[in-house]
Structures are given as structure tokens and as C-alpha cells.
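A.B. asks: need a 3D model of the following:
(chains A and B)
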Amino acid sequence: MDAWDPSYGSSFEGGEGGGDGPASASSAQVDVDVEVPAAEWAPIDASSAVRPPDVVFLVDGVRRNDAQLWTEEEDGTSYAGLAASYAAGVVRCDLARGVAELAGARVKRGLFTASPSVGDMRASSVLYEVHRVNGTGEASKLQAAVQPPLTALEIDISAEARSGGSDGADLLIVDGPLRNRRHLPRTIGYVKTQQKQYLPAAQQAVVPRLRHGQRTPVFGLGGGLLGGFSWYLRLPNSTGAPWSGVVRVECSPDLSPDQAIELAELSGVTLPRFASAAYKDPRAPQNLVPIAGLERRLRGMLGDARVLHRALALETARSRW
Amino acid sequence: MIDVSDETSPVGRVLGTADATPLQFWTAVAPGSYLQLDDVVVTQRDLPDREPVTIAGVVTQVRARHEGAQFDSDVFAIADGTLPAMVQEAAEITTTRVDPELYVPPAPGAIVHRATGEARDAALHFDRMERRVPMGTGRDGVPVFLNADFLDGTRGAHVSISGISGVATKTSFATFLLYSVFRSGQLGADGANARALIFNVKGEDLLFLDHPNTKLDENTTKAYALLGLPAAPFPDVRVYAPPRAGDSSGAPDVSSRLTGVDSFYWTLEEFCSLKLLPYVFADADDERQQYTMVVHSVTAHLNRYAVPAEGGVSIDGKRIGSYQELVDHVVEQLTEDETRSTWAGSAVNMGTVNAFARRLINSKRDLSRLIRGDLASRRPHQIKTAASAQVTVVDLHNLPDRAQRFVVGVTLKTEFEEKEKSGTGRPLLFVVLDELNKYAPREGSSPIKEVLLDIAERGRSLGVILIGAQQTASEVERRIVTNSAIRVVGRLDPAEASRPEYGFLPPAMRQRALLARPGTMFVNQPDIPVPLCVEFPFPAWATRKSESGPPPAETLRSIVQAADPFAVVGSGGGGSDDDIPF
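C.D. replies: Numbering: from 1, shown residues only, chains lettered A, B, ... in the order given. Take a look at the predicted model:
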């Protein structure tokens, strides 16, 4: 059985019959010979020689749609608008001291619309900054428009968190693929759901054989935003399903293969510690404990949805008169 | 108007996640600050078109929790450093004062300050007390006071102290309170002239009130100084003890205190003329019996026909020289058919008379040493606070139960009647009586209970203040407890603490009363809506022989010269200067 709550879908998007891992093949170029030759692929145990970093930063962002609205243009047409709140935060887990604290968090609210006439909107004490979307701005596309500002906020906040001083041995874990965050130093991207099959069949077969805490060798992904070094890791607390508890970790392509392997070793001793338990988190074990805690805090910081919705409703009703 | 300025020690803000009401609200404690139970805090609420309202209160509960944790086991992840969470403390504040009296809730988010100095006095209503009797320090180490108006009868009177025996230090608190009344000077001339009557019911603990305590250390002296009191024993104490059993000279029956003790007893003539016989039958179950009628007619008969004769009395021409003889005579007269009706009335059946006789004969053993026909009637032997010292201690501890009841009942009755006769409420008389549940039980009635009820209900105007102590207030006559303006609780029994008699304690305080250490009391006074937690200092007087210092000179003089004559001659100042050195 898959460990995730069915409402979250599956931790991998399998084909018919399941059990074969991610179904859709990726078009990306894969270099499986980075760490070991393709023929020698086998699960790799976490190295006992590697010490987990004392300080681990984890970055995540949350978003929520506060209201859907429509503008009223002078020519009588109307554009869709989306009022959304989004927040990003960093948890600083000081494993040596045993303290996990919110190292930084910021909440922003935006009004996403293609309407040329709308300005910033103030709903009671809250300001929604207008983000103009190019094109026709159908309501369905506005959802995606929230992501870039959120990612930008995540980058800002993670840089700020580290500005307090990095001891050179810390590790920054970003929830989701690295995408344009690859320039951050000592950073790994953490991908919970496996949708694409990157590896050739022979290497792919290694993944279900991973035991708790083991990882695959590092492989290189070529080209575009998805490029970089990557490896699969199986977290503890996973059930017996072939791909349960498997996450894909990636790091920047700007690193040398040796640096990538070093990060892979580091992730092997760090990530299992953060794995969540199934009875506490519907997306266990992939949804890491600090991330879950951070998301809860961030959602709390977004404010009460009903209060905001009411404020927006009042504001729009008032502006129509 | 309580002064609150923003600079003075903010400790947190009023919570918005729990209801803030005018009488109770929660405060989130700011990081780096703390609040403990009994701390006094103050906050302000701004109102449109009015002066701001100052709300002051005391902390009645404090809690700390992890915010951001969902499951109990999350604490391990938090302590491990993997789950971000915050420790947040919050304190429940029970309002003690709203100034001006406009009962609005504090606004969530309002800054809460720790109250010190005048703000603290105002929060606890000390500023409105014209005469404040110090009764110890609060948990913050600053003195707390008792409003003397509720002690001396001006607006209320009587103190009720409850708590488990041994750990609750009820008697110690009662004596400390007396000391504070006498020595603080807050009651002016009333305090100096006031008298105290203390019944010592167990051990000889109260017999050394005038002896300095050798275990008194510097800290205790400082604690007394903080309260504005000298750390000294009671200056003027007189101790009465019953005569030794079987001793014809009437020497007092005490073992540890040898000097300055007088014996007390009643002569047969007093017994008859003052109608003391009912106090022999002062058990609660005595009253339920049919023979009360007999008791009253025999009392009347003794009063009418007994005439004094050489120490003893003579009844119907027969000379009676001791209590035993009196009992024998009465029983004989009652059993004789011819005389029975003149003693007991005509409508009494034999069974009732026999029940009375049986009880009377039983009392011989207990009372014969207190009711005497062989000791001089002119020798001072009665307990009279007016003629005695400031503090009169009556030692009952080695008397049997029936004799204890007799002494307490007769003494209280005499004192109360004296007061009634004088018709003035001054000087004040404080009566300290332990085991009130024995003398004034909730069920039944007895002559002693009548006297105590009289004191509780009318004593306030006559200047008789009852300081009653008991293990369980639930077993004491309700009218006595409700008439007590000041209620004090020490360590309580868990089952007892849940009774309605302790309804004045908020739930958290009721729980704390189960853990109260010796020397910690919760005092409720009508002025202040929340009971105050009080720590009173260790006694400056000896509470047992082993810790008693040298006795005061006056008590020694009665037996032998206080000072070594040669030392006085040699040094010119060993004892007091007036002593003749031989």
C-alpha cells in the first residue's frame, strides 16, 4: 500500500498496475556514469564517515487563494483577478543544540490580474499589491502566476537566513526542485513526488531495491531548468510499496561531480532524521517534519481566510458604488 | 487612580485567543519575562471620551505550552531540533481592582506590567486601608496587610483558620497575628490595651510565648523588620495551668515551664453560685439526652441552697468539702424517694435520673482537681483577662476531654458576661481557640456552643474577637464560620478542600492549599476579592522547651531572685538594675 493519504494522490505517478515507478519518461538527457559506471549501479549505504551538519536550513513557501474577483473596465469588459496570500519561511535546525527555530518568514499578498486599470487594493488593514499578468489573463492561468513571486520570496528569505553567518558546513534544503535557486551555496532541492522517469530501465530497477537510508549513485540531468545532479534516496518509516518513501534530491549543475557526491553523502545522513511518521502526516515520510511545522506556522501567518475574504468582499462592494 | 507608566517592567500582553473579561483575563508572557502565581500585575484600557481604566489583578494560574506542536510526541522532535516550535507562557489574571469602576475588559494586545510599590498597594487595596496590620510577606517578598477594620469589629471581626494539624501551622499563625496586632502599633491604644486569651490544647507549645527563641536567626529578624515589627517574645504573658491531680497544695500541673505559672480552679461555692453544673455536661451528645431538665433543676437547687462553709459549701446542713462529696450528695439525694422531687422536679422518671447520676459520677475523676473545697477561696485562682497580663494562656493539654470543655465553657462564659456587664467594646479581647469543631460542632448544641455562637454574633460589638482554628471548617457550626470576616487556610486535606466552605478559594489556589508548606497561609479578607498567599516569619518566641531562651525576669522573681547576686554586684548590670543583689 502506498503510505500517502489518498487525497494527496500518490507519491509517484505510476502507470497501470503501479509498482513500476514514475510512468512518463523524461526527455532530459541523463548521465548515469557520474559516480559509478552504469553497469555497477547498486544501492549505496549512508556513509558512517560523514557527519551530519550541525545547522540545517529548510526553506518552504505556502500560498492560498483568498478570493476570485472580476474587474470592471471602462469599456465594459471584465478581467479575472486573483487575490492571493503567500508566505515563505526558513527553519534553522540547530541539531547540535537541539533547537529548531523560525529563522525568517515573510508574508505577502498580491492581486493577480491582467486588467490594466486596477491598482493596489486595500482590504481593511491589509494591502494587496497588484501584479499585472501578461496576456488575456484567464482565471485558470492566474493560479500559476502566483508561483514566481513566491519563489522569489523563498530565495530572498533563504539568503537572509544565511546572511547571519554560515559556518561553511551548513546545508540548505529547498522544498521542491531547485529551478532558479541553484546559485545558492550548499543547497539541495528536495522532490517529494516522482512524476518523470529519468533513469534508463536498468538503473531504474535499482530504485525499488533501496532499503531505508540508502541512495542511488548520483546521476546527471542535462539541459534547461531541470538540469543538475540528482539521486534517489529512500527515507525510513516507509511502507513496503516499491517506490514508497523514495525522494529525488538534486543539486546545482555548477558544482563539480565530487562536490555533488559530497552533498549526496551529506543528504544520506541528514534527511532520514527529518522523515515524518505516517500517523502524524498524511504525506509521510517524504514530507519532512521541519517542513510540516514550517508550513503550519506559515499558514498561521497568512491570517484567517474568512476574515480576509470578508474584508475583500466589503472592499469590493464599497468600490462598486 | 493607579499610576501606570509604559517604562515600568512590562511582562506581557493581554491574550486575544481566550476571552478577556473584566474579572478574569489571560496574559501572554513576553519572551525573557516570567510571571509566577500571586504576582500582581496591572494594565490599562483606553476609552473614548473618558480617562483610561486601570485594571489590576493577581496571577492565579500560569501555563506554558509548545506552539506549533500538534501531537504530544512532537515534543521529542522539538527537543531534537527538527520541528520548529515556540514555548509560550500565559498567565491567568484575576482582577482585584478596577479604577475608575468601569467594568470593561482589557483590550487584547494591551501591555501588562508587573505592579510594584504604590501600584501594588493599590491593586491589593492596601492604599485604602487606614490601619493595616502586617501579616507576613507575599510570594514576591513584599509585606501584605490585613485591614484592621475587619479584625477589631469596626466593620467585621473574627478569624477562622483551617488546615491539617501539624503542617498547617494554624496556632503559629494565630499567635503571629496577635503579636502583629499588639506590636505593630496600627491599632493605636486599642492594640496596646488589647488582651488575648489563648487556650493551649496540645503540647506545651504555647507556654513559652514570653521566652525568646534561641533559634532566631538574622534572616528571621530581618523578616520581622521588613514587617515593621521587633523580633521579640510577647512582653506580658501570664500562664494558667490546672492543679496537679491529687496534690492538695494546688500546684500547677506543668512539666516544662517551671516559673511564672499560676494554677486555676473553682471553689465549690463558685461552682454552686455561678451555676457551673451545665458545663459539666458540655458534650454534644449530652444535650440530646433527656436529662438536661434534671441538670437545670439541680443547678438551680445548688444555687439556691448551697451556703459557703470554710472553703467548701453546706447544703441542707451537710458540709461538703470536695467535688466528690458534692457528687455523692447529689446522687444520694436524687435516689432517695423523699428528696428526689425537691432536687429534680416531680415529673422526672427514674431512668432519666439514673442517666444523669451515671454521668455525674463519671465526671468525678475528670473534674475533682478543678473544683475544690480544700483550697483558699481568697487565693487568686480564677482566669480573668481584665486582671491578668496582656496575654493569658490557659493550659488544657493534660486535662481530659470533659474537663477541657468545662474550662473553656466556663472561662468563655465568664469573660463574655464581664464584657456584657461593662457594656463597652474596649479593651479588645482576642480569644484563640483551637479545635473549634469540638467546641462548636455543626450538629447538636451544647452550652459551650451557645457561648461561642454568642461571641460570633454579638462579640463584634462587645470587643470580643474569636480567632478559631480547626482542621475542618465543614464540621464547625456554619454561623460561626460565616460570621468570621477573615478566613485563613493552611495545608488542607484533599477531600476537605473540595467542600463549599472553601468556596472563597479559586480552583488553582484550592489545589495549592494541598501543597502549602508550613508557614504559608491563604488569607481571605472582605476588602480583597482574591485570597492572598502569605508567608509569615518563624516565631520570635519559643515554641518548645528546647528552643526557649532565658525566661523573663518577672516570672522568675516569683520564685527566686532572677540574677546571680554576685554577678550583679561585680558587673553593675547583669540583670535589671532594680534587683536587690541578695
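A.B. asks: going by C-alpha atoms from here, please, whenever you check contacts or count neighbours.
C.D. replies: Noted.
A.B. asks: flag the shaky bits of the stretch 51-200 of chain A, pLDDT-wise.
C.D. replies: A:164-168 (pLDDT under 70).
A.B. asks: sketch out the helices for it, chain order is fine.
C.D. replies: Ranges of helices in the stretch 51-200 of chain A, per DSSP state H, counting those that start in this stretch, are A:139-145, A:147-163.
A.B. asks: need the ones you listed in a markdown table (columns: distance to residue B:29).
C.D. replies: Shown next, in a markdown table, are the helices of the stretch 51-200 of chain A (distance: least, Cα to Cα, whole Å):
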| stretch | distance to residue B:29 |
| --- | --- |
| helix A:139-145 | 40 |
| helix A:147-163 | 27 |
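A.B. asks: please identify the most buried of the ones you listed.
C.D. replies: helix A:147-163 (a mean of 18; mean count of other Cα atoms under 10 Å in any protein chain shown).
A.B. asks: who are the packing partners of that helix?
C.D. replies: strand A:55-70, strand A:80-94, strand A:99-113 (3 or more Cα pairs under 8 Å, 6 or more residues apart in numbering or on different chains; DSSP states H and E).
A.B. asks: restrict the last one to CA atoms and write it as CSV.
C.D. replies: C-alpha atoms of strand A:99-113 as CSV (Å, rounded to 0.1, in the frame of the first residue of the first chain):
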residue,chain,number,x,y,z
VAL,A,99,16.8,23.9,18.7
ALA,A,100,14.6,24.4,15.7
GLU,A,101,13.5,28.0,15.2
LEU,A,102,11.9,30.1,12.5
ALA,A,103,14.9,32.0,11.1
GLY,A,104,12.8,34.2,8.9
ALA,A,105,9.4,34.4,7.4
ARG,A,106,7.6,36.9,5.3
VAL,A,107,4.0,37.2,4.2
LYS,A,108,3.0,38.9,1.0
ARG,A,109,-0.3,39.4,-0.6
GLY,A,110,-1.0,40.1,-4.2
LEU,A,111,-3.8,40.9,-6.6
PHE,A,112,-3.0,39.0,-9.8
THR,A,113,-4.9,40.3,-12.8
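A.B. asks: could you check the angle that strand makes with strand A:80-94?
C.D. replies: 170 degrees (axes from the mean of the first three to the mean of the last three Cα atoms, to 10 degrees).
A.B. asks: what of the first one?
C.D. replies: Using the same axes, to 10 degrees, the inter-axis angle of strand A:55-70 relative to strand A:80-94 is 170 degrees.
A.B. asks: which strands and helices sit next to strand A:55-70?
C.D. replies: strand A:80-94, helix A:147-163, strand A:171-175, helix A:289-302, helix A:305-320.
A.B. asks: want to throw the ones you listed into a markdown table with distance to residue B:423?
C.D. replies: Compiled in a markdown table, those are given as follows (distance: least, Cα to Cα, whole Å):
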| stretch | distance to residue B:423 |
| --- | --- |
| strand A:80-94 | 79 |
| helix A:147-163 | 83 |
| strand A:171-175 | 89 |
| helix A:289-302 | 72 |
| helix A:305-320 | 72 |
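A.B. asks: just name the most buried of these.
C.D. replies: By mean count of other Cα under 10 Å, the helices and strands packed on strand A:55-70 have strand A:80-94 as the most buried, with a mean of 25.
A.B. asks: what about residue B:121, neighbour count?
C.D. replies: A count of nearby residues for residue B:121, using other Cα atoms under 10 Å in any protein chain shown, gives 19.
A.B. asks: list the contacts for it?
C.D. replies: By Cα atoms under 8 Å, 6 or more residues apart in numbering or on different chains, the contact list for residue B:121 reads residue B:127.
A.B. asks: the closest residue to chain B within the stretch 151-300 of chain A and residue B:404, how far apart?
C.D. replies: In the stretch 151-300 of chain A, the residue found nearest to chain B is residue A:290; the distance is 4.5 Å by Cα to the nearest Cα. For residue A:290, the distance to residue B:404 equals 72 Å [Cα to Cα, to the nearest Å].
A.B. asks: read off the pLDDT value for residue B:299.
C.D. replies: pLDDT, residue B:299: 87.
A.B. asks: which strands and helices sit next to the helix or strand encompassing it?
C.D. replies: Under the criterion of DSSP states H and E, residue B:299 resides in helix B:292-305. Applying 3+ Cα pairs under 8 Å, 6+ apart, we find helix B:292-305 packed against helix B:268-273, helix B:337-344, helix B:350-367.
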